[in-house]
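Asks: Attaching a predicted model along with its sequence, questions to come.
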Amino acid sequence: QVQLVESGGGLVQAGGSLRLSCAGSGRTFSSFAMGWFRQAPGKEREFVAVINWSGGNTYYTDSVKGRFTISRDNSENTVYLQMNSLKPEDTAVYYCAASPYYETSDPTPGGYNYWGQGTRVTVVS
């Protein structure tokens, strides 16, 4: 069993930055890849980024490349999403998720088996 708790969401102006955190507990945190997804009102949950077990490989959806950075600190059982140059279209509830695999580039929610409760990000222009 894995428990995931996100934090760091909030209200920010366009062009600003936020850093989301996802604290994990339960089975060995460093054993699996971790992803970030987001869901805007009235839309499906969409992939944002994923990082492999060691932090050595990362994948991003095209719309956030160059603006967002996913990272992890296995000693702290935490994965981060640094979000810069935020845009109103980044407004969503952001979720972290644990993959059952050491490494994955799976962009589908079905490829992840544990989820946090989400943290809301609102970007205003």
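Replies: All right, it came through fine.

Asks: what's around the closest residue to residue 50 other than its chain neighbours, how many residues?
Replies: Taking CB to CB, 6 or more residues apart in numbering as the measure, residue 50 lies nearest to residue 35, with 4.0 Å between them; neighbours along the chain are not counted. Bear in mind the C-beta positions are built from the backbone N, C-alpha and C, glycine included. By the measure other CB atoms under 10 Å, the count of residues near residue 35 is 28.

Asks: Remind me which helix or strand residue 102 belongs to.
Replies: For residue 102, there is no enclosing helix or strand under DSSP states H and E.

Asks: chain center to the strand or helix carrying the residue nearest to residue 50: distance?
Replies: With secondary structure defined by DSSP H and E, residue 35 is part of strand 34-39. For strand 34-39, the distance from its own C-alpha centre to the chain's C-alpha centre is 4 Å (CA atoms, centre = their mean, to the nearest Å).

Asks: What strands line up against it, and which way round?
Replies: Based on DSSP bridges, the strands next to strand 34-39 in the sheet, each with its direction, are strand 46-51 (antiparallel), strand 92-98 (antiparallel).

Asks: Do you know the pLDDT at residue 53?
Replies: The score at residue 53 is 95. That number is its pLDDT.

Asks: same question, residue 27
Replies: Reading off the confidence values, residue 27 has pLDDT 65.

Asks: quick revisit: want to throw the strands paired with strand 34-39 into TSV with distance to residue 78 and mean neighbour count?
Replies: Shown next, in TSV, are the strands paired with strand 34-39 (distance: least, CB to CB, whole Å; neighbours: other CB atoms under 10 Å):
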stretch	distance to residue 78	mean neighbour count
strand 46-51	12	22
strand 92-98	10	23
